[in-house]
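[1] Build the 3D model from these lines:
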Amino acid sequence: MAALTPAPIAGDASSAPGRKERPRAWRVVVLALAAVYFLVPMAASFWFTVDDPQGFSLDAYGQIFSAPGFASSLLLSLALAVATIAVVLLLALPAMLAVRLGAPRLRPVLEVVCTLPLVVPPITFVAGIGTVLRFGPEYLATTPFYQTIIALQNPDFPVVLVLAYVVLALPYVYRSLDAGLRAIDVRTLVEAARNCGASWPHVMFRVIVPNLRSALAGASFLTLALVLGEFTVARLLSFQPFPVWIVYISGSQAQVSVAVSLFSLLLTWLVLLAVSLAGRNRS
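    Numbering: from 1, shown residues only. The predicted structure follows:
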């Protein structure tokens with residue numbers, strides 16, 4: 001007996017082949033409101049930078065690269081971002097793999113530890129760091145750790161900022177890597193690689209990391225955005241990366257500071273786009 005197939009109901013849009021579903025009105029409204037929310041302040045900022053008593057002028061943008069401290073502060077922030085990404089990934093990924101493969105019951109503990117910085121206010125966090133840095137040299141003056149704590153505060157490359165940024169970025173990195181690890185069968189991949197004679201470094205860099213490319217790119221994306229926009233910790237510790245320099249120059253050159261802010265926003269988008277593209281699988 002031939003199988004009976006229901007005939008499509010006349011006027012049913014869902015049964016028409018090749019017909020696309022129209023976007024709902026609320027989606028258009030949400031996207032329009034989001035566009036207004038983001039684009040209107042940027043347009044107002046751009047108009048402020050080009051507004052001149054004599055007319056339209058781009059002099060503020062021409063003064064960006066010649067502004068004192070621009071290049072050094074930007075390079076410092078980028079170096080801090082690269083170091084922070086490397087350290088936080090080297091800490092988080094092996095720990096999450098070890099817990100997932102060897103001690104699954106410790107996953108809630110690791111999750112609480114990694115997300116704990118979200119409940120600690122940055123001002124409290126930096127106050128504790130400042131207290132340690134002030135009293136550390138006094139108590140460590142007669143020990144070999146004296147030069148270490150001095151080196152942590154080197155203005156050319158403040159390692160203490162890297163350590164602080166690692167703590168602040170840890171919750172976002174954990175969430176990104178956890179989503180990536182949930183999407184793959186880690187145990188099967190590791191066991192298959194080990195049965196084929198692969199060493200643990202080979203398993204890590206040739207098996208796990210390629211399958212977590214998108215998750216690693218997302219973690220790097222969030223960490224880079226955090227470092228390039230963080231102001232409180234660096235300012236209270238008396239260092240001058242790029243966000244602090246923008247606030248510093250705003251007191252003397254308002255238009256240049258706003259132009260630099262727009263330029264840094266564009267630069268951040270380009271860098272984040274490059275990181276995002278690097279994390280996609282190549283065909």
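
[2] which residues of the chain fall in helices?
    With DSSP state H applied, the chain shows helices at 25-50, 59-62, 70-102, 107-115, 122-139, 146-151, 159-182, 186-195, 200-202, 209-211, 213-229, 232-236, 242-250, 254-278, listed in chain order.

[3] got CSV for those, with mean pLDDT and mean neighbour count too?
    In short, each C-beta sits where N, CA and C put it, glycine included. Supplementary listing: the helices of the chain in CSV, determined by pLDDT from 0 to 100; neighbours: other C-beta atoms under 10 Å:
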stretch, mean pLDDT, mean neighbour count
helix 25-50, 86, 11
helix 59-62, 79, 16
helix 70-102, 91, 18
helix 107-115, 90, 14
helix 122-139, 82, 13
helix 146-151, 80, 13
helix 159-182, 92, 20
helix 186-195, 87, 14
helix 200-202, 84, 11
helix 209-211, 87, 14
helix 213-229, 87, 21
helix 232-236, 90, 19
helix 242-250, 84, 19
helix 254-278, 77, 16
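
[4] who are the neighbours in contact with residue 263?
    Remark: with contacts taken as C-beta atoms under 8 Å, 6 or more residues apart in numbering, residue 263 is in contact with 61, 64.

[5] My error: substitute residue 114 in the last question.
    Residue 114 touches 92, 170, 171, 173, 174, counting by C-beta under 8 Å, 6+ apart.

[6] Quick check: chain neighbours aside, which residue is closest to the fourth one?
    Put plainly, it is residue 173. Counting by C-beta to C-beta, 6 or more residues apart in numbering, the nearest residue to residue 173 once its immediate chain neighbours are dropped is residue 219, at 4.3 Å.

[7] The second one too?
    Nearest residue to residue 170, sequence neighbours excluded (C-beta to C-beta, 6+ apart): residue 114, at 5.1 Å.

[8] Roughly how far does the one you found sit from residue 174?
    Taking C-beta to C-beta, to the nearest Å as the measure, residue 114 and residue 174 are separated by 4 Å.

[9] Overlap of the contact sets of those two?
    Common contacts of residue 114 and residue 174, defined by C-beta under 8 Å, 6+ apart, comprise residue 92.

[10] residue contacts, the most centrally placed residue in the chain?
    With the centre of the chain defined as its mean C-alpha position, the nearest residue by C-alpha atoms, centre = their mean is residue 222, 1.8 Å away. Residue 222 makes contact with 169, 172, 173, 176 under the criterion C-beta under 8 Å, 6+ apart.

[11] just residue 48 next, same as before
    Counting by C-beta under 8 Å, 6+ apart, residue 48 makes contact with 255, 258.

[12] before we move on, what about residue 136?
    Per C-beta under 8 Å, 6+ apart, neighbours of residue 136: residue 149.

[13] and residue 88, what is it in contact with?
    Residues 165, 166, 169, 170, 173, 219, 223 are the ones in contact with residue 88 under the rule C-beta under 8 Å, 6+ apart.
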